[in-house]
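Trainee: Sequence first, predicted coordinates after that:
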Amino acid sequence: MLVAKEVEIILNFSDCFRRFSRKQKETFKFIKNRQLIIFLFCVVSISIIVGIGSSINTLAVSIDGNQTILKSIDDDMERLANNSGIQWNWHDKVSQSNDGQLYKLNVSTTFSVKLLVDGNEYLKWVTGGTVDDILTEYGIILNSDDGMNYKHGDALFSGMTIDINRVNFKEYTMTEEIPFNTSSLDVVLPQGKKAPDNIAGVNGTKTITRRDTVVDGIVTGSQIISETIDKEPIHAINYVVKIAPEPTPVKNPSFSFDNLINNKTIFGEVIDVNSADFKYKKVLRFMSTAYSGDANSGGPRAANGEWLRPGSCAIDPRFCSELKMGDRLYITSADGKYVYGYATINDYGAGRRNDWIDLFIPNEAACNNWGRRDVNVYVLN
C-alpha cells in the first residue's frame, strides 16, 4: 500500500512538471543541455521521496504481550490496525500512547464473569484475577454463615458464575398441644357395686423454641432449640366392669402353715432358681411384711376385685416403679431359709417404699412369725 501511494505521488509530480514545462516553454528555451534537465528532475524526485519518508508513522500493536510493528503515513492508528487484520472486542482493555511518529497500542483481551448475590446479577469483563477481586470490586462482604460455590482465592475463568447464598437464622417460640392417650382398664367388682366414673382426657400444652435456617429468603431447615411442658395431659381412662365370681375356698397345696407356725424353714414350693427351666426377667431385693385374713371363708377382696388367697401380694403403686399390678413372681427369703413360693400382685398397700412388698398369709400366727424379712423377688416371664 505504501509503495503504491509513493508511485502515485511521483507520477502526479511528473505530470505537473510536464504541464509546467509547456506553459513556461519560453522561459526555459535557454536550457539546452539535456543532462541539466535530467539532473533537476532527479533532485526534485529525491526531495519528494525524502519528504514522504519523513511523514511515515510507526505503530507498535501489543495484544496480550504479542507485539506487531506497522508503518504507514496514515495517522489513524486504530484504522491502520484494523486494515492490517488486527482486531479486538469492545470489552477488551485498550490503551494508546505516542512519542512523535511512534504510536503504541496496548490491547488486553477480557472474559466475562457473572456474580449472583442478594437477588442481583452482575456481569464483569476482566483480564484475570481471583474471586476475592470480584467481591472487592462490588463491595460484597460475606458473613460467617454465608455460602459460596468457590473459594476466595480461586482464579477467575471465562464463563465463571459466582453464586453467593445469604444464610440467616430466625428464632421464635410457639405453643403446641400435647394430645392425651385413651386406654381401657378392667375393673372386677362384686355384684351390685357401682363402677367408677371414666376419666375424661385433657390435652396438655408445651412451649417450643425453634430456629429456622433461611437461605436467600427461603426456609431450608428448622430445629427445636428448647421445649418446656406447661401443662401435662390428663390421659383418658375407660373402665370396663367385670363382675367378680362368687367366693370359693382356695388353698395352696404347696403352702404349709403348720411349717411356718412352727418356725420350720420350708413352707412353700421349692424351686431351683438356678435351673435352666426356671425362666425369669429379673430378680429384686425387697423388704417384705405379711398380712392375713380367712381365705377358707372367702376373706377380703384384693384391689383388683379377686378374693385374697395364699400367693396374693401387695405393693404401694405410688412408690414402687419396679413392679406393677398383675406381675407373676416367685419369692424366697434373702437368707434362703424360707420359700414363700409363687405369687401374683393383685392388691395395693401403703408401704411408702419402692422396695416393699406385702405377702398375704391367711393365718395370724404365721403372719407374726414372718414379721419383716428381706426377700428375693423373681419377676417371671
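Mentor: The structure has been received and is ready for your questions.
Trainee: The residue nearest to residue 348 when sequence neighbours are not counted and residue 360, how far apart?
Mentor: Counting by C-beta to C-beta, 6 or more residues apart in numbering, the nearest residue to residue 348 once its immediate chain neighbours are dropped is residue 303, at 4.4 Å. (Each C-beta comes from the backbone N, C-alpha and C, glycine too.) Noted for residue 303: a distance of 12 Å to residue 360, by C-beta to C-beta, to the nearest Å.
Trainee: For the residue nearest to residue 348, grab the count of nearby residues.
Mentor: Residues near residue 303, counting by other C-beta atoms under 10 Å, number 18.
Trainee: Return the residues in contact with it.
Mentor: Shown in contact with residue 303 (C-beta atoms under 8 Å, 6 or more residues apart in numbering): 314, 325, 346, 347, 348.
Trainee: about what we covered before: what touches both of residue 303 and residue 360?
Mentor: Taking C-beta under 8 Å, 6+ apart as the criterion, residue 303 and residue 360 both touch 314, 347.
Trainee: Double-check that the residue nearest to residue 348 belongs to a strand.
Mentor: No: counting by DSSP: H, G, I helix; E, B strand; the rest coil, residue 303 falls outside a strand, being coil.
Trainee: which neighbours does the longest strand belonging to the chain have in its sheet, and in what orientation?
Mentor: Residue-count comparison of every strand in the chain, with assignments taken from DSSP state E, identifies strand 218-231 as the longest. Strand 218-231 has the following strand partners under DSSP bridges: strand 204-215 (antiparallel).
Trainee: Alpha carbons of the partner strand, as PDB, please.
Mentor: C-alpha atoms of strand 204-215 as PDB (Å, rounded to 0.1, in the frame of the first residue of the first chain):
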ATOM      1  CA  GLY A 204     -51.600 -30.700  77.800                       C
ATOM      2  CA  THR A 205     -49.600 -27.800  76.400                       C
ATOM      3  CA  LYS A 206     -45.900 -27.100  75.700                       C
ATOM      4  CA  THR A 207     -43.800 -24.100  74.600                       C
ATOM      5  CA  ILE A 208     -41.300 -24.800  71.900                       C
ATOM      6  CA  THR A 209     -38.500 -22.600  70.800                       C
ATOM      7  CA  ARG A 210     -37.500 -23.200  67.200                       C
ATOM      8  CA  ARG A 211     -34.600 -22.000  64.900                       C
ATOM      9  CA  ASP A 212     -35.200 -21.700  61.200                       C
ATOM     10  CA  THR A 213     -32.400 -21.700  58.700                       C
ATOM     11  CA  VAL A 214     -33.100 -19.100  55.900                       C
ATOM     12  CA  VAL A 215     -31.100 -19.200  52.700                       C
END
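Trainee: Can you tell me what sits against that strand?
Mentor: Where contact means C-beta under 8 Å, 6+ apart, the residues beyond strand 204-215 that reach it are 147, 165-178, 180, 219-234.
Trainee: Distance check, the residue nearest to residue 348 against residue 107.
Mentor: According to C-beta to C-beta, residue 303 stands 101 Å off from residue 107.
Trainee: can I get the contacts of residue 303 in a markdown table with secondary structure and pLDDT?
Mentor: Output for these, formatted as a markdown table (DSSP: H, G, I helix; E, B strand; the rest coil; pLDDT from 0 to 100):
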| residue | secondary structure | pLDDT |
| --- | --- | --- |
| 314 | strand | 92 |
| 325 | coil | 90 |
| 346 | strand | 90 |
| 347 | strand | 89 |
| 348 | strand | 88 |
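Trainee: now these in CSV, with distance to residue 151 and neighbour count?
Mentor: Formatted as CSV, the entries for these read as follows, by distance: C-beta to C-beta, whole Å; neighbours: other C-beta atoms under 10 Å:
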residue, distance to residue 151, neighbour count
314, 73, 24
325, 66, 16
346, 73, 23
347, 74, 20
348, 70, 17
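Trainee: so which of the residues you listed comes closest to residue 79?
Mentor: Of all the contacts of residue 303, residue 79 sits closest to residue 325, with 106.7 Å by C-beta to C-beta.
Trainee: how close does the closest one sit to residue 317?
Mentor: Using C-beta to C-beta, residue 325 is found at 7 Å from residue 317.
Trainee: With residue 118 instead?
Mentor: Using C-beta to C-beta, one obtains 63 Å as the distance from residue 118 to residue 317.
Trainee: between these two, who's got more neighbours?
Mentor: Applying other C-beta under 10 Å to residue 118 and residue 317 shows that residue 317 carries more neighbours, namely 14 against 9.
Trainee: Contacts only, for the more buried one.
Mentor: Applying C-beta under 8 Å, 6+ apart as the definition, the contact partners of residue 317 turn out to be 324, 325, 348.
Trainee: now swap in residue 117 and tell me
Mentor: Counting by C-beta under 8 Å, 6+ apart, the residues that residue 117 touches are 138, 140, 162, 163, 164, 166.
Trainee: Which residue, other than its chain neighbours, is closest to the third one?
Mentor: Distances taken as C-beta to C-beta, 6+ apart place residue 115 nearest to residue 162, at 4.9 Å, with adjacent residues excluded.
Trainee: Could I have the CA atoms of the one helix or strand the one you found maps to written out in CSV?
Mentor: For residue 115, the element it lies in under DSSP states H and E is strand 111-117. Extracted C-alpha coordinates of strand 111-117, given in CSV (Å, rounded to 0.1, in the frame of the first residue of the first chain):
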residue,chain,number,x,y,z
PHE,A,111,-13.6,-12.5,29.5
SER,A,112,-16.9,-12.4,31.4
VAL,A,113,-17.6,-13.5,35.0
LYS,A,114,-21.1,-13.5,36.5
LEU,A,115,-21.8,-12.7,40.1
LEU,A,116,-25.2,-13.7,41.7
VAL,A,117,-25.8,-12.2,45.2
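Trainee: Return the distance of the helix or strand immediately after it in the chain from the chain's centre.
Mentor: The element immediately downstream of strand 111-117 (helix or strand, assigned by DSSP H and E) is strand 120-126. What separates the centre of strand 120-126 from the centre of its chain is 31 Å, taken as C-alpha atoms, centre = their mean, to the nearest Å.
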